[in-house]
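A.B. asks: pasting the structure only:
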């Protein structure tokens with residue numbers, strides 16, 4: 001970092017007038033949402049989950065009117081919304097049950113966002129066992145004003161991302177301009193099991209990044225980006241500092257090994273395909289230091305509200321501390337412009 005850049009480090013006061021949009025926040029679904037609304041034939045199939053420990057979470061998670069007030073406290077103008085309780089439903093093995101649960105969740109999210117649709121931006125959850133049904137639900141959700149779609153980050157073993165099972169869905173998402181989101185704690189991974197002792201730390205750091213890196217590898221080396229060059233993928237809450245390292249290593253060894261171990265599904269370097277990949281973070285100082293070199297057009301700040309780990313109500317302080325070194329144009333992209341462009345958002349009353 002040059003002396004001039006160091007002197008230009010933004011303070012919380014310097015960004016007081018900046019418009020901030022969180023690329024990853026959450027709703028908090030009612031505990032009884034699914035048991036109450038599932039058809040009688042599926043109620044008994046719904047798993048009995050342990051109660052969620054929700055210490056520190058705010059009422060805006062389930063009350064959109066309260067949320068708007070809490071966003072104002074945090075200095076955030078709009079938020080892209082993901083599920084909380086719904087994340088664990090990606091590990092359901094019953095396709096019919098999962099589809100029914102996801103439709104209920106999406107209906108609840110649609111109603112929640114309609115209270116303030118230009119500030120509450122919902123991401124629907126999509127079951128990918130039955131691709132025809134998945135496309136129908138994706139189309140329905142787009143018509144209802146939701147953006148993008150959330151799928152499992154770790155699919156079941158028999159439905160790997162390197163298979164062509166998903167191709168009709170990828171094509172539909174591309175044509176509908178609905179970016180495909182992959183969020184931590186979704187699918188057939190460590191999130192299905194209770195974590196104790198050292199596994200608490202191993203899973204939430206090491207295993208989490210292992211899951212993310214492997215799914216991205218499959219999407220790239222499986223040729224998904226090659227076949228669907230306009231489709232965008234979003235890695236959510238996996239943070240970002242790991243990404244340039246992995247992408248560089250993939251390039252290095254692709255160049256080295258491809259002459260004797262060619263990858264027919266790929267015609268370009270992995271890094272070229274990864275230009276279709278966006279990522280969110282909410283506190284990644286190392287990643288923040290890389291942004292003026294890598295990821296300035298695809299990385300997006302978030303606050304993870306209303307979870308206990310959220311930067312609320314001090315998001316602007318955290319942003320200033322961890323991103324204040326960035327040039328103004330990069331700073332604006334990361335805290336606002338990238339997410340608006342990704343989802344083609346037109347936020348009334350917000351001049352971004």
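C.D. replies: Thanks, I have the structure now. These numbers were taken from a predicted model, which means no experiment stands behind them. Residues are numbered from 1 along each chain as shown.

A.B. asks: what sits against the most centrally placed residue in the chain?
C.D. replies: Ranked by distance to the mean C-alpha position of the chain (C-alpha atoms, centre = their mean), the top residue is residue 236 at 2.8 Å. By C-beta atoms under 8 Å, 6 or more residues apart in numbering, the residues touching residue 236 are 23, 24, 82, 150, 181, 182, 183, 184, 279, 280. Any C-beta I mention is one placed from the backbone N, CA and C, and that applies to glycine too.

A.B. asks: Between those residues, identify the one with the most neighbours.
C.D. replies: Neighbour counts for the contacts of residue 236 (other C-beta atoms under 10 Å) peak at residue 23, which has 31 neighbours.

A.B. asks: Just the local confidence number for that one, please.
C.D. replies: pLDDT for residue 23: 98.

A.B. asks: Next, find the distance separating residue 83 from residue 15.
C.D. replies: According to C-beta to C-beta, to the nearest Å, residue 83 stands 30 Å off from residue 15.

A.B. asks: between the two, which one's more packed in?
C.D. replies: Taking neighbours as other C-beta under 10 Å, residue 83 and residue 15 compare with residue 83 leading, 25 against 20.

A.B. asks: one step back: from the contacts of residue 236, which single one is nearest residue 302?
C.D. replies: For the contacts of residue 236, the residue nearest residue 302 by C-beta to C-beta is residue 24; the value is 3.5 Å.

A.B. asks: For that closest one, list the residues it contacts.
C.D. replies: Shown in contact with residue 24 (C-beta under 8 Å, 6+ apart): 80, 82, 183, 236, 237, 280, 282, 300, 302, 303, 304.

A.B. asks: is it true that the third one touches residue 86?
C.D. replies: No: the pair formed by residue 183 and residue 86 falls short of the contact definition of C-beta atoms under 8 Å, at 10.0 Å.

A.B. asks: where along the stretch 151-300 of the chain do the strands fall?
C.D. replies: For the stretch 151-300 of the chain, applying DSSP state E, counting those that start in this stretch gives strands covering 180-183, 233-236, 277-281, 299-301.

A.B. asks: Go through those strands and name the closest to residue 309.
C.D. replies: strand 277-281 (12.3 Å).

A.B. asks: Please name the strands paired to that closest one in the sheet, noting orientation.
C.D. replies: Sheet pairing for strand 277-281, assigned by DSSP bridges, gives strand 233-236 (parallel), strand 299-301 (parallel).

A.B. asks: Can I get those in TSV including mean pLDDT?
C.D. replies: Below are these laid out as TSV (pLDDT from 0 to 100):
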stretch	mean pLDDT
strand 233-236	98
strand 299-301	98
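
A.B. asks: which of these sits most buried?
C.D. replies: strand 299-301 (a mean of 28; mean count of other C-beta atoms under 10 Å).

A.B. asks: next structured bit after that one?
C.D. replies: Heading C-terminal from strand 299-301, the first helix or strand you meet, by DSSP states H and E, is helix 315-323.

A.B. asks: now the angle between strand 277-281 and that following helix, please.
C.D. replies: Interaxial angle of helix 315-323 relative to strand 277-281 (axes from the mean of the first three to the mean of the last three C-alpha atoms, to 10 degrees): 120 degrees.

A.B. asks: Helix 315-323 - contacts with which helices or strands?
C.D. replies: Counting by 3 or more C-beta pairs under 8 Å, 6 or more residues apart in numbering; DSSP states H and E, the packing neighbours recorded for helix 315-323 are helix 285-290.

A.B. asks: So what touches the helix it packs on?
C.D. replies: With contacts defined as C-beta under 8 Å, 6+ apart, helix 285-290 is touched by 239, 240, 241, 243, 244, 281, 295, 299, 322, 323, 325, 326.

A.B. asks: ditto for stretch 128-142
C.D. replies: Against stretch 128-142 from outside (C-beta under 8 Å, 6+ apart): 95, 98-99, 102-103, 106, 110, 124, 126-127, 149, 151-152, 155, 159, 165-166, 168-169, 172-173, 176, 178.
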